[in-house]
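Enquirer: please work out how this folds:
(2 chains)
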Amino acid sequence: VTPLHLLVGIGDERYALPIQEVGEVAPVGELTPVPGAPRAVMGVQNLRGRVVAVVDLGAVLGTSTPAGRRAVVVVEDAGDPVALAVDTVVDVGLVDAQPGDDMDAPLTGSAVVEGRLVGVVDVRAALRLARGAA
Amino acid sequence: MSDARARVLGVFREESSERLDRIVEGLLALERGAGPDAIDAVLREAHSIKGSAGMMGIHDAHDIGHAIEEVLATARADARLAPGLVEPLLHATDALRRAVAGEAGLVQDAVAAIARAASGEAAAEMAEAEAPATPALPGEGTPRPSMRVEAAKVDRLLDAVGEVVVHQRRLEHVLSEPGDGRRHDAAQDVLARSDGLLDELQDAVIRLRTVPISSITGPFPRAVRDLAAAHGKEVRLTTTGTGIQLDRVILEGASEAIVHLLRNAVAHGIEPPGERERAGKPREGRIELRAQRRGDRVAIEVRDDGRGVAPELLGSADGPEALATLLARAGMSTAQSVTAVSGRGVGLDAVKHHVESVRGSLEVASEPGRGTTVSLLLPVNVALVDALVLERAGILFAVPFADVSEVIRVAEPLSLLGRPAVAVEGEPVPMADLVAVLGGSGPPVPTAPPAIVLARGSRRAALVCDRLVGEETVVVKRLGSVLAATPGYIGGAIMGDGRVALVLDAQHLLSAATDRPAAMPAAEPEAARRTVLVVDDQFTVRELQRSIMEASGYSVETARDGREAWERLTASEGVALVVTDLEMPEMDGLELLAAIRRDPQMSSLPVVIVTSRAGAEDERLGMEAGADAYIVKERFDQQALLDTVGRLIGR
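Expert: Reported below is the predicted structural model:
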């Protein structure tokens, strides 16, 4: 497993997403809310001609209000693109993740990057949570 | 295997598959007495397969093809094919199909069987002299040149064209702003011209995805013949209108459904020959597979001239779509005890579900004793939808035009059974806030808001919104896995200004807006669901009552007579109310009622009698025996039953 990760900011927190999960990064577009959708789904947006569901990664990880989401990280879920909304995309870097146990958030572990604690996101688990949390 | 060989082999197999269908079609025509033209046609196809198989080095296919050809060459010389040869030739055709697919070791058996049959017939031939009938083989034109394209490539092309259309719309939007002089005008001019071309391009690509219905019907005549033989019936299948084209994806999905309907028609619709004769019908039953355009949909109908749906079921369904629903439900709940009635419904639930998943619908019409017609109403293509665009709570929604019966302005809201409604052409139609039906919320709607009236079959509902935006042809795209379980949408569409509109699923909205439980804000907890025990010796009555009460949120159990009901009641607790018929075998309704009233544990259990005995004396007897309510079947209406049950067990 490559330790290369995409570092993102949500509120005051930093998270890392394994780079092989990341399809592309784009700004949050104009959102169409979807009545009846799971709670973590902010809506759908037009991403270069595709209709893509936007999931608030902050809501899935249990942090902060969705007010600051300005960027989306596009990942693939069962063949469909899904946009994970974050506040900022900070950097791409090597992250030496320490596997954690007993974590209730969808994280595979944590790491220290430039003196800050970073949670490493388990993208599959995050998507499962996004689908389930009504 | 080299790529080139694999490609050629693929083409050979596809071509042969069509030829094999034509051979079977020809043999069946010959069995019905078709003339020498049919012999020629079958001979030609067998010869072609033999030739190609030889070139490809598929020896088994070559040899079987050769054997078939030999028999037909003899038949051509005699200008007739002995009837006893059809069966072995059909078997040989099956073997040929398997050989074409790559199976080996079939030659000896197939060839020997044909040879045996041919020599037997030759002997019988001597004694027999029969004038051949001469209807021609059903129409078989010369095929136009065609090209085989992988379906996924066409899909990718359609996606790309869809994107270009979106960009075109955006450009139109930009240029619709007032601009500066000649260059602006010139740009608009160019745009207008490319617009027409783009429409044409999009149409062409969408047509690429369509295929004629006949591309799937090849195996049907044979299947029906074999099935009829297995059921000891005589059935003839005719097909009309199968030249009509449908989206490949829709048609492929429908294939299984059609086979199912044909199977049901043979097994449960067409009567055995003796029964038909007694009813004054020809021994041979007829099944017609007919396709025709109906508005912007294509109706694929399977029509039989069999016994029809039981009258008591017919009477309880209001229109063809309701009958389909009722039969589907009946078939599902009695898979273990198939009767003539439930048989028509077996698997119909799956058919209905499939058809609805592609935005189609299912209808059943029937005349007792005369036959049944089951219709699959399918959209011509999946991707492109003519839609009405509207706005509610700041969200754009698109509704397929096919589902909208009218657009109204709600000046005077009414109340129907305590729920909001609006008069449409003088009739009250349930009304709801669009965003609330979808499970969301929004600011109050303006006064006298616009509403769209959705209609499917006899079901109607008015959905209120803030504003009508206009009409647009939209390309429907998937919302993706995260939203797959969110009901109410068939997809999303990108509008001219780049925003996404949610494309609504009318089927779901109609259920949600018209069914009481679905219209409630939150689902009731499971524990609060009350169980009703329905006791009736007639299957249709039980199922009808079950469907009515389940639709209102009750959990329903059934029993066929008083004894079965009593066994259920004494086995465990949990039944909150009993609905029973009076006249039943084993233990009748009054005996059941008496037993309940005698039992200290159950004496206060509410019991509703539903019966066809309308006399005042019977009603008095029933009430004296301790019934809580008495409903006469002739006066029977759903609401009366629901109101009574609701009153007795407090809902």
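
Enquirer: residues of chain A that sit close to chain B?
Expert: A:29-30, A:32-38, A:41, A:44-46, A:48-53, A:55, A:77-82, A:127, A:130-131 (CB under 8 Å from any CB of the partner chain). From N, CA and C alone the C-beta is placed, and that goes for glycine too.

Enquirer: count of residues packed around B:Ile250?
Expert: Around B:Ile250 there are 22 other residues, counting by other CB atoms under 10 Å in any protein chain shown.

Enquirer: cool, and B:Ala186?
Expert: 10.

Enquirer: and it, how close does it get to B:His353?
Expert: Separation of B:Ala186 from B:His353 (CB to CB, to the nearest Å): 53 Å.

Enquirer: what sits closest to B:Ala501 if chain neighbours are left out?
Expert: B:Leu396 (3.8 Å; CB to CB, 6 or more residues apart in numbering or on different chains).

Enquirer: the residues of chain A next to chain B, buried ones only, as a ChimeraX selection?
Expert: Selection of buried members from the residues of chain A next to chain B for ChimeraX, criterion 16 or more other CB atoms under 10 Å in any protein chain shown:
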select /A:29,32,33,34,35,36,37,38,41,44,45,46,49,50,51,52,53,55,77,80,81,82,127,130,131
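
Enquirer: and the next element down the chain from the strand or helix carrying the residue nearest to B:Ala501?
Expert: Here B:Leu396 sits within strand B:395-400, counting by DSSP states H and E. Once the chain leaves strand B:395-400, the next helix or strand it forms, by DSSP H and E, is strand B:404-409.

Enquirer: how about that following strand: buried residues?
Expert: Applying 16+ other CB under 10 Å to strand B:404-409 flags B:Val404, B:Ser405, B:Ile408 as buried.

Enquirer: and if you look at stretch B:150-169?
Expert: Within stretch B:150-169, the residues scored as buried using 16+ other CB under 10 Å are B:Asp155, B:Leu157, B:Leu158, B:Val161, B:Gly162, B:Val165, B:Val166, B:Gln168, B:Arg169.

Enquirer: list of residues touching stretch B:240-258?
Expert: Here stretch B:240-258 makes contact (CB atoms under 8 Å, 6 or more residues apart in numbering or on different chains) with B:151, B:206-207, B:209-217, B:220, B:288-293, B:298, B:300, B:302, B:350-351, B:354-355, B:357-358, B:360, B:376, B:378-383.

Enquirer: where does the closest residue to A:Leu117 other than its chain neighbours sit: helix, strand or coil?
Expert: Spatial nearest neighbour of A:Leu117, excluding adjacent residues (CB to CB, 6+ apart): A:Ser110 at 6.1 Å. What DSSP: H, G, I helix; E, B strand; the rest coil gives for A:Ser110 is strand.

Enquirer: just list whatever residues bridge to A:Ser110.
Expert: Taking DSSP bridges, one finds A:Gln98, A:Gly119 as the beta-bridge partners of A:Ser110.

Enquirer: return the residues in contact with it.
Expert: Listed by CB under 8 Å, 6+ apart, the contact set of A:Ser110 reads A:Ala97, A:Gln98, A:Gly100, A:Leu117, A:Val118, A:Gly119, A:Val120.

Enquirer: wait, doesn't the third one sit right on A:Thr108?
Expert: This means A:Gly100. Yes - the criterion here is CB atoms under 8 Å, and A:Gly100 meets it with A:Thr108 at 7.4 Å.

Enquirer: which helix or which strand is home to B:Leu544?
Expert: Element membership for B:Leu544, per DSSP H and E: helix B:539-551.

Enquirer: pull out the buried positions in that helix.
Expert: So, applying 16+ other CB under 10 Å, buried residues of helix B:539-551: B:539-551.

Enquirer: and what of stretch B:185-199?
Expert: Here stretch B:185-199 shows B:Leu198 as buried, counting by 16+ other CB under 10 Å.

Enquirer: is chain A contacted by it?
Expert: No - remark: stretch B:185-199 sits outside contact range of chain A, by CB under 8 Å from any CB, the gap being at least 14.5 Å.

Enquirer: by mean pLDDT, flag the weakest helix or strand of the chain.
Expert: All of this is about chain A. One helix or strand of chain A scores below all others by mean pLDDT, DSSP states H and E: strand A:98-99, with a mean of 82.

Enquirer: my question was about chain B, not that one.
Expert: helix B:516-519 (a mean of 37).

Enquirer: where does the closest residue in space to B:Leu314 that isn't next to it in sequence sit: helix, strand or coil?
Expert: Distances taken as CB to CB, 6+ apart put B:Ser366 closest to B:Leu314, at 6.2 Å, once the chain neighbours are dropped. Per three-state DSSP, the secondary structure class of B:Ser366 is strand.

Enquirer: what angle sits between the helix or strand harbouring B:Val429 and strand B:404-409?
Expert: Taking DSSP H and E as the definition, one finds B:Val429 inside strand B:427-433. Following axes from the mean of the first three to the mean of the last three CA atoms, to 10 degrees, one obtains 80 degrees for the angle between strand B:427-433 and strand B:404-409.

Enquirer: just the pLDDT for the residue of chain B found nearest chain A.
Expert: Among all residues of chain B, B:Gly440 sits closest to chain A, at 2.5 Å; criterion: CB to the nearest CB. For B:Gly440, the pLDDT comes out at 90.

Enquirer: repeat that for B:Gln336.
Expert: Per the predicted model, pLDDT is 37 at B:Gln336.

Enquirer: ok, now which ones touch B:Gly369?
Expert: Counting by CB under 8 Å, 6+ apart, B:Gly369 has contacts B:Ala279, B:Arg307, B:Gly308.

Enquirer: next one: phi and psi at it?
Expert: Main-chain torsions, B:Gly369, degrees, to the nearest 10: phi 80, psi -20.

Enquirer: can you check B:Arg225 too?
Expert: Per degrees, to the nearest 10, the backbone of B:Arg225 is at phi -60, psi -50.

Enquirer: quick one, helices of chain A?
Expert: With helices called from DSSP state H, chain A shows them at A:57-61, A:123-132.

Enquirer: other SSEs contacting the shortest one?
Expert: In terms of contact count using 3 or more CB pairs under 8 Å, 6 or more residues apart in numbering or on different chains; DSSP states H and E, helix A:57-61 is assigned the packing partners strand A:4-10, strand A:13-18, strand A:80-86, strand A:116-121, helix A:123-132.
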